[in-house]
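J.: Give me a model of this one.
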Amino acid sequence: MTTPVFDTLLYSTDGPIATITLNRPEALNTIVPPMPDEIEAAVGLAERDRSIKVIILRGAGRAFSAGFDFGGGFQHWGEDMMTDGKWDPGKDFAVVSARETAPTQKFMALWRSSKPVIAQIHGWCVGGASDYALCADIIVAADDAVIGTPYSRMWGAYLSSMWTYRLGLTKAKWHSLTGQPLTGIEAAAIDLINESVPFVELESRVAEIAGQLSQIPLSQLRAQKLVVNQVYENMGLASAQTLGGILDGLMRNTPDALDWIDTVANEGVRAGTVRRDGPWGDYSQAPAHRRPDPSHVIVP
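T.: Numbers count the residues shown, from 1 in each chain. Presented below is the predicted three-dimensional model:
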């Protein structure tokens, strides 16, 4: 089987394990087209490869992913969501609610894959990146990773609902309303993710889990994943995601959001993050001990 060349990620296999590496390290693996499509396509490769039992998702460089690239005000999505350079609510609604075009549904390829997916998180895992990392089955993070949804404060809404599904009501309300981030250690402590380990142990720990899972018959892995997923599907996951995508489009185009994105366009992304996160003193505005160590780099 010939492996296609992707623009935004790398795909490799080693025995029964497939690895998908987000590969825009110079931009902290921010999400731009065609990354959602390529994630779905890479998962499809692993699904169709009979030798693969487990999929690992990770990011190259010093971050898993810093979320959707908002530097251009979503202009890189072009006429899919706009008409004459302006937001078109009809197009936005159609894109985010259609199975074949919605970015959330592309990330949900990780959830829908019949084979277990392990998300390996280091550095920043924020915004939309946290949505798709939480679509994985098992999540292991570096202790100093930062996981959060700054769009809770401005320019977005929960897309996948995985934050809500993985947390109890009390914690889900807190993080949805405040957008406050968690370190890997903190995320593991409240069961948002499975484990947190020192960065130097991250790759070996993920490899260990993948190796253990690969010893189990594939039919057994598929059955166990299906039965757990179905419980959450029956709790209304699809309808929550439909609403999330529609609300995200609306929240990107309120007067407050448009004013904020003007700040980003005129003064730069940093000015926008200072305005949004400065009062909270977190994300890029946090003290050094609350930010990922920039020397922690994944080399594909």
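
J.: What distance do you get for Ser204 to Gly249?
T.: Note on Ser204: its distance to Gly249, by Cβ to Cβ, to the nearest Å, is 41 Å. Backbone N, C-alpha and C define where each C-beta goes, glycine included.

J.: quick one: which of these two has more around it?
T.: Gly249 (22 against 10; other Cβ atoms under 10 Å).

J.: In space, what's closest to that one - neighbours in sequence excluded?
T.: Take Gly249 and drop its neighbours on the chain: the residue closest to it by Cβ to Cβ, 6 or more residues apart in numbering is Asp92, 4.0 Å away.

J.: Quick one, grab the pLDDT at the one you found.
T.: We have a pLDDT of 93 for Asp92.

J.: Please tell me how far it sits from Asp137.
T.: 30 Å.

J.: which residues of the stretch 151-300 of the chain fall in strands?
T.: Listed in chain order, the strands of the stretch 151-300 of the chain (DSSP state E, counting those that start in this stretch) span 182-183, 195-197.

J.: got the contact list for Lys115?
T.: Contacts for Lys115 (Cβ atoms under 8 Å, 6 or more residues apart in numbering) come out as 46-47, 52-55, 218, 221-222, 225.

J.: Just the buried ones among these, please.
T.: Neighbour-count burial (16 or more other Cβ atoms under 10 Å) is assigned, among the contacts of Lys115, to 46-47, 52-55, 218, 221, 225.

J.: Turn those residues into TSV, columns for distance to Leu169 and pLDDT.
T.: TSV is the format used below for the buried ones among the contacts of Lys115 (distance: Cβ to Cβ, whole Å; pLDDT from 0 to 100):
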residue	distance to Leu169	pLDDT
Ala46	34	98
Glu47	34	98
Ile52	37	98
Lys53	35	98
Val54	32	98
Ile55	31	98
Leu218	36	98
Leu221	30	98
Lys225	25	98
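
J.: Chain neighbours aside, what residue packs nearest to the most centrally placed residue in the chain?
T.: In the chain, the C-alpha nearest the mean C-alpha coordinate belongs to Ala129, at 2.4 Å (Cα atoms, centre = their mean). Setting aside the residues directly before and after it, Ala129 is nearest to Ser65 in space (Cβ to Cβ, 6+ apart), at 3.4 Å.

J.: Repeat that for Ser97.
T.: Looking at Ser97 with Cβ to Cβ, 6+ apart, the closest residue is Thr242, at 5.7 Å.

J.: can you count the residues close to that neighbour?
T.: 18.

J.: picking up where we left off before, any idea how far Val299 is from the residue nearest to Gly249?
T.: Computed as Cβ to Cβ, the Asp92 to Val299 distance reads 38 Å.

J.: okay, the two: which has more neighbours?
T.: Applying other Cβ under 10 Å to Asp92 and Val299 shows that Asp92 carries more neighbours, namely 22 against 8.

J.: Is the more buried one in a helix, a strand, or coil?
T.: helix (DSSP: H, G, I helix; E, B strand; the rest coil).

J.: just Thr19 next, same as before
T.: Per three-state DSSP, Thr19 ends up strand.

J.: My read is that it contacts Ile56, right?
T.: Yes - the criterion here is Cβ atoms under 8 Å, and Thr19 meets it with Ile56 at 4.6 Å.
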